[in-house]
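Peer 1: what's the 3D shape of this:
(chains A and B)
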Amino acid sequence: MIGFIFSEDFLLSSVMFALPIVFAAFAALISNRAGIVNINIEGSMSVAAVCGTLVSHFTNSWVLGLLTAAAVGVLMSLLLALAALRLRTDSFLSGIALNTLATGLSVYVLYAVLGVKGDSSAAAAVAIPKISIPVLRDIPVIGKLLFDQSVLFYVAILAAIFLSFLLRRTKLGTEIKATGFNPAVAESVGIRTRVVKVKALIICGVFAGLGGAFLSMSYLQYFSAGMVAGRGFIGIAAEAMGLGSPWRTAFFSLLFGAVDYFSVGAQTVLTFPYELLNTLPYLMTIAALVIYAVINKNKKEK
Amino acid sequence: MVDIIDRFRRCVSGQEAKSVLGEIAKTLVMLALSLAFAVAVILVAGKGSFETVRVFLTSPFEDSYTLSRVLTESIPLMFTGVAVSIMSRAGQFNMFVEGGFFVGAFVAAVLAPELASEGSSFLVPLFCILCGTLAAVLIGYIPAKLKAALGVDEFVSSLMLNYVVLWVVLYFVNNVCGDPDNTNVTKYLEDYAKLPFLNQDNELSVGILFAVLAAVLGALFLYKTKWGYAIRMTGDNPQFASYVGIGTGSVVVYSQLIGAGLSGFGGGVYLLGNYYRFSWRALPNYGFDGFVIAIMARNNPALVPLASLFLAYLRVGAQQMSLYTDVQNEIIYIIQGVIIILFGAKFLWDMKFSRKKTEAAK
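Peer 2: Residues are numbered from 1 along each chain as shown, chains lettered A, B, ... in the order given. Sure thing, here's the model as predicted:
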């Protein structure tokens, strides 16, 4: 058991399980910083996952699949922008609406293209490859962790750098923060908050799309209905723990990823009912939310 | 009962008559819009023919069996719709409706075959349903209390709780209280362990009466009691509500407990009314449905039955359509999503409102 947790395999698998959560959390981060609640990350991931995997299968190119997934993520985000900013439906309700829509749409796309409803295993994706650097990858422990990973691992690191640069050093970043902090004040100093929110949502969509693509083009090479399984929502929780900072958000996503992998991996080494192990990531999320709330409350009282 | 009906009439007529009638008129216009959208989706995205549209629109009315299926499908929608309406009115976005419905159905299905026997009264299944309700309320207390005491976001916590409930229930079904002769299901429900049918021929259970009753009581509670008043005040403006002495913390808790209870009760009623055993292996999505209904009903429990019947009609139509044509019924989720956005769109409501104003000005 202890050996299982401290094995290299556990570390590597945890990172793999964390990647979709990292992307979901980054998506939540950028839209939250702009003051728009996007709970449709789950749904966006699902539609992006099915479109990405199918495009990669039919074009025989993982790059096109990945780009499609990102584009679909953006489209879903723009739908949210249309609903929440243009039609002025409460952004929370719009998110619920789009999640419902995504449930149907992802299965609908699958059926329209393949004529099946359960999964797309009949049309396997071209997997997103690994980038493996000779020599460096042989360094013990960190070699495999840092130099022998899926392309999306490096994209996630770039995304974290991009996000912190964007928020700290660019005009758009400042506008996003101002809009999220106090839209009325931002408006009064000439920031067009609606435009800023749309831009933030576009970035959010790209991340959600990448998260979906990881599930259906890297973790598995096909889409199956319900495969996102709450990871979009867990990402939202990880973002809440991360207090708006990309690196802290990534750290908590990793933690959630580790628990997620533990619940799967422990089934092979423990004689514990798998149903109860499956509750771990969700229990952990609730526990983390509570700890976060307690810390917040103490801070306020001081 | 007469007293309740009388009070309900006064609640609908009386002072609020104008606004309630206005709400109903607006709702009907929106329903027509959503129906038009549904037809457009079927024709364009589903590449359906006009025959497909005809099946979608008219097949629910074809015979008494499909008609009773519309009523049956509306049962869970009414319960979850009232539950979400009451919680949303208090400003609480709680997704535990999903888990509550699930656990309520499970507990009722496990207890009923044990407690009921040949010739026992229908009060026995009712008691089992109440036990399920209690289970849902107890679990629903977790996100409610966490929100009130620590400010933990009830949306994410209740959503996570749903997955926990799902897996724990599956654990019990698989290992503890499943049917020894079958895997992955609970024991068979004999007729005496179930709620009676209103009409044996088309399998309409008395659940529909409970569902309508829940809507009526929900409306009375929300608009005619001081607790309902506190809920509405808290939802409209929590700062003001606590300023005038409403205990918003307790409103947050009891509104969510009522929501959890209603969904648990609904789950039990639906299962013992319409199933022969508990065999769900995934969350049945009634929580999200509750939001669709609550939006359509503008969070007014009195309008929930109307909205539920409409959505149930769309669903039965879609099921028939996927049975007889090759347009798939997943299209209904797309339509549902658009319905929420349409009904929630302040843009559209305001547009109508301002037009009315200008007409009045003329």
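Peer 1: which helix or strand in chain A has the lowest average pLDDT?
Peer 2: helix A:2-5 (a mean of 77; mean pLDDT, DSSP states H and E).
Peer 1: and the next helix or strand past that helix?
Peer 2: Scanning forward in sequence from helix A:2-5 by DSSP states H and E, the next helix or strand is helix A:8-33.
Peer 1: state the next helix or strand along the chain beyond that next one.
Peer 2: Once helix A:8-33 ends, the next helix or strand along the chain (criterion: DSSP H and E) is helix A:41-59.
Peer 1: excluding covalently adjacent residues, which one is nearest to residue A:55?
Peer 2: Spatial nearest neighbour of residue A:55, excluding adjacent residues (Cβ to Cβ, 6 or more residues apart in numbering or on different chains): residue A:68 at 4.1 Å. Just so you know, the C-beta spots here come from the backbone N, C-alpha and C atoms, and that holds for glycine as well.
Peer 1: wait, what's in contact with the one you found?
Peer 2: A:48, A:51-52, A:55-56 (Cβ atoms under 8 Å, 6 or more residues apart in numbering or on different chains).
Peer 1: helix, strand, or coil at it?
Peer 2: Assigned by DSSP: H, G, I helix; E, B strand; the rest coil, the conformation of residue A:68 is helix.
Peer 1: and it, what pLDDT?
Peer 2: We note a pLDDT of 97 for residue A:68 in this prediction.
Peer 1: just checking, residue A:148 touches residue A:135?
Peer 2: No - under the criterion of Cβ atoms under 8 Å, residue A:148 is not in contact with residue A:135, lying 11.2 Å apart.
Peer 1: in terms of neighbours, single out the busier of those two.
Peer 2: residue A:148 (17 against 8; other Cβ atoms under 10 Å in any protein chain shown).
Peer 1: pLDDT score assigned to that one?
Peer 2: Reported pLDDT for residue A:148: 85.
Peer 1: mind listing what the residue lying closest to it once chain neighbours are set aside touches?
Peer 2: With Cβ to Cβ, 6+ apart as the criterion, residue A:148 has its nearest non-adjacent residue at 4.2 Å, and that residue is residue A:137. By Cβ under 8 Å, 6+ apart, the contact set of residue A:137 is A:143-144, A:147-148.
Peer 1: how many neighbours does residue 40 have?
Peer 2: Using chain A here. Residue A:40: 34 surrounding residues under other Cβ under 10 Å.
Peer 1: meant chain B actually
Peer 2: When neighbours are defined as other Cβ under 10 Å, residue B:40 has 13 of them.
Peer 1: and for the one 4 residues further on?
Peer 2: The local packing count at residue B:44 equals 9, with neighbours defined by other Cβ under 10 Å.
Peer 1: related to what we said a few turns ago, who wins for most neighbours among the contacts of residue A:68?
Peer 2: Neighbour count (other Cβ under 10 Å) singles out residue A:48 as the most crowded of the contacts of residue A:68, with 35 neighbours.
Peer 1: can you pull the pLDDT of residue 188?
Peer 2: Answering for chain A, as no chain was given. 92.
Peer 1: please refer instead to chain B.
Peer 2: Listed pLDDT for residue B:188 reads 92.
Peer 1: that one against residue B:178, yeah?
Peer 2: No - Residue B:188 is beyond contact range of residue B:178, at 11.5 Å (criterion: Cβ under 8 Å).
Peer 1: neighbour count for these two, which is higher?
Peer 2: Neighbours per residue (other Cβ under 10 Å) separate residue B:188 from residue B:178, with residue B:178 holding more: 19 against 12.
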